[in-house]
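Asker: Here is my input, please return the structure:
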Amino acid sequence: MLILAADTALSPTVRQGSGHRSREDALAARFELFQDNDGQFRFHLKAANGKIIAASEDYKTRAGATACIASVKKNAADAPVVEVET
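Answerer: This next block holds a predicted model:
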């Protein structure tokens, strides 16, 4: 499950090797995979401006979380936009 959000308090510390981000990194959206305080794996999809635009549910394994990331990458690009009434 993926939860879309304009803003969220789920903000892990991002581990970056040198702390240096390339120009390409600064311009592109990215997935951030992390382990939460309960030992579960989660990910955020962040926009180029660093805002979280989607947050995953928790997964027991890193493989489960990365499989969900792969599914989002594969299926979201061509997903139609469907307007629903509430």
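Asker: residues contacting Phe31?
Answerer: 43-46, 69, 72 (C-beta atoms under 8 Å, 6 or more residues apart in numbering). Any C-beta I mention is one placed from the backbone N, CA and C, and that applies to glycine too.
Asker: go again using 6 Å as the cut-off
Answerer: 43, 45, 69 (C-beta atoms under 6 Å, 6 or more residues apart in numbering).
Asker: ok, it to Lys74 distance?
Answerer: 13 Å (C-beta to C-beta, to the nearest Å).
Asker: How about Phe41, nearest residue that isn't a chain neighbour?
Answerer: Once flanking residues are discounted, Phe41 sits nearest to Ala65: 4.0 Å by C-beta to C-beta, 6 or more residues apart in numbering.
Asker: Quick one: neighbours of His44, just the number.
Answerer: 22 (other C-beta atoms under 10 Å).
Asker: actually Ile69, sorry about that
Answerer: Look at Ile69: counted by other C-beta under 10 Å, it has 17 neighbours.
Asker: Then Lys51?
Answerer: Neighbours of Lys51 under the rule other C-beta under 10 Å: 13.
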